[in-house]
Structures are given as C-alpha cells and as structure tokens.
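A.B. asks: Dropping a prediction and its sequence here:
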Amino acid sequence: MNKNIIENEYFPIFGDIFPFFTKQSQLLQEYDEVRIECYRELTKLPEINDNNGHDYDHRADTLIVTYKDIVIGGGKVVGKFPGDQHLIPLDDSELNLEKQFKDFNLDQVPYCEFTRMSILKPFRSPKLLHAISNELILYSIAKGYKYMFSVSSLAQARCNRRSAKVLGLPFEYNIHTNMEVPNHNNKYGDLKVVISSLEFPSHWKGIKTHSIKIY
C-alpha cells in the first residue's frame, strides 16, 4: 500500500474510487490487511481473532473498494439458503438466528450476513458508506437473499441505518440492542456490539453509485 498517496493527496476523488466484487487473491490479501488494521483500531486489540473457529472465506463474496490502485476497504457477504448445513459467521451454537428471529422463518428463506466491513480512516465518510452499502445490498438482492444481518458497534449500526434510509429502502433497518452477542475468544475486546437486521425488498433497484458525490 502506498502510504504517501494517503498522507499527501487531497482525497477522496469520486472518479478514482471503485467498489467491485472480486476473487483475485492479491486484492483479497490487501483487503485483509486493511480489515485487520481497522479492527485493531476499533477494538484496541493487538491481535484479531474473528473467524470463530470456522472458515467462511471460501463461501464469502468479497467487495473490494479501491482508490486508484490502492485497496482502501471492502466487506463480505456470507449467505445461507434453505437446506445448507453451514453457518454464517454470526450464527453459532450460542446465538441461533432461527430461534432468535422466529418471525423471519429463516429455515425457509435465504439470508446473509454483511461482515468485515472496513474503510481506512482517511477515506471514511457517510457518503462512501452509502455507496458501499448500495453495492452490497444490490448484490445480495440479486443473489436472492431475503434478510441481512450484521454485527457492529452501536455507532456503526446507526450509521448503517442512516445509509439504508438514504438509499431509499422501504423497510426499516432494525438495531436489536436487547440481544446479547457472544464474544468468543474476546474477539471484540471491550467493544460493545449489537446485531442489526434488514429485510430486502425484491423490487428495489438501488441507486446509481455515481449519483453519490464523495467529499
């Protein structure tokens, strides 16, 4: 990563920022370095252990965000369809989503988790988050998912909720503050995290990313 570009240039310039899904190993490795850097900053932990003993990466669809030729962030979509035996990262023996969200009928519909969303600090802005959220949501609707779940800090959850509102989603983005999130292996440190959920509308077509100006 060219730190000189991050430190010396005025940015971001929207025309140079691109979110896209990829399986290119070099880009995924660079994104993972960004993710670890951001999570260390957030949790204040020297080491990051967020896979909960499972390997979700081979099932995840990964969004990469680049500024010029630099990976500055991204996120992952991990999904589950009826009949699948695997779990999404948030769903484990101590937090059974099908039981916690009985009204969602998760045993009958596809759902997914947005996870490992990260943006390098110099590039963070609500409008960039809106653009990234738009890409993740459009992709998930195209894959056929009915619901999205995520785990984040309360501040990030509120930001995600504002993003959903800006994008014009007709369903409410719910933040479940009364639901405890297991902290396996102290992966969140002392950070207080919450679960959020969103029902995807099948008819929503999203917004054009270039209509969001980034400053």
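C.D. replies: Yes, it's here.
A.B. asks: Helices along this structure, start to end?
C.D. replies: Ranges of helices within the chain are 3-8, 25-43, 97-100, 126-143, 154-166, based on DSSP state H.
A.B. asks: Run through who's touching stretch 183-200.
C.D. replies: Contacts to stretch 183-200, defined as CB atoms under 8 Å, 6 or more residues apart in numbering, come from residues 42-45, 48-50, 52-53, 90, 92, 94, 101, 104, 137, 140-141, 145-154, 157, 160-161, 164, 169, 171, 173-177, 179, 181. All C-beta spots, glycine's among them, are computed from the backbone N, C-alpha and C.
A.B. asks: thinking again about what came up before, residue 202: which of the helices of the chain is closest?
C.D. replies: helix 126-143 (6.9 Å; CB to CB).
A.B. asks: Just want the angle from the closest one to helix 154-166.
C.D. replies: Taking axes from the mean of the first three to the mean of the last three CA atoms, to 10 degrees, one finds helix 126-143 and helix 154-166 inclined to each other by 70 degrees.
A.B. asks: how much space is there between residue 106 and residue 131?
C.D. replies: Counting by CB to CB, to the nearest Å, the gap from residue 106 to residue 131 is 29 Å.
A.B. asks: more crowded one of the two?
C.D. replies: For residue 106 and residue 131, the more surrounded residue by other CB atoms under 10 Å is residue 131, and the numbers stand at 25 against 21.
A.B. asks: If you rank every helix and strand of the chain by mean pLDDT, what lands last?
C.D. replies: Scoring the helices and strands of the chain by mean pLDDT, DSSP states H and E places helix 3-8 at the bottom, with a mean of 37.
A.B. asks: averaged over its residues, what pLDDT does stretch 16-30 have?
C.D. replies: Stretch 16-30 carries an average pLDDT of 90.
A.B. asks: From residue 182, how far off is residue 94?
C.D. replies: 4 Å.
A.B. asks: So between those two, which is more surrounded?
C.D. replies: residue 182 (14 against 10).
A.B. asks: okay, now residue 42: neighbour count?
C.D. replies: The tally of other residues near residue 42 (other CB under 10 Å) stands at 17.
A.B. asks: let me redo that: residue 60
C.D. replies: Using other CB under 10 Å, residue 60 has 21 other residues around it.
A.B. asks: Could you do the one 10 residues further on as well?
C.D. replies: Applying other CB under 10 Å, we find 17 residues neighbouring residue 70.
A.B. asks: can you check residue 102 too?
C.D. replies: 10.
A.B. asks: buried residues in the longest strand along the chain?
C.D. replies: Longest strand in the chain, counting residues (DSSP state E): strand 70-80. Residues of strand 70-80 classed as buried: 70-80 (neighbour count, 16 or more other CB atoms under 10 Å).
A.B. asks: How about stretch 143-158?
C.D. replies: Neighbour-count burial for stretch 143-158 [16+ other CB under 10 Å]: 145-152, 156-157.
A.B. asks: cool, stretch 95-110 as well?
C.D. replies: Quick answer for stretch 95-110 (16+ other CB under 10 Å): 95, 97, 101, 104, 106, 110.
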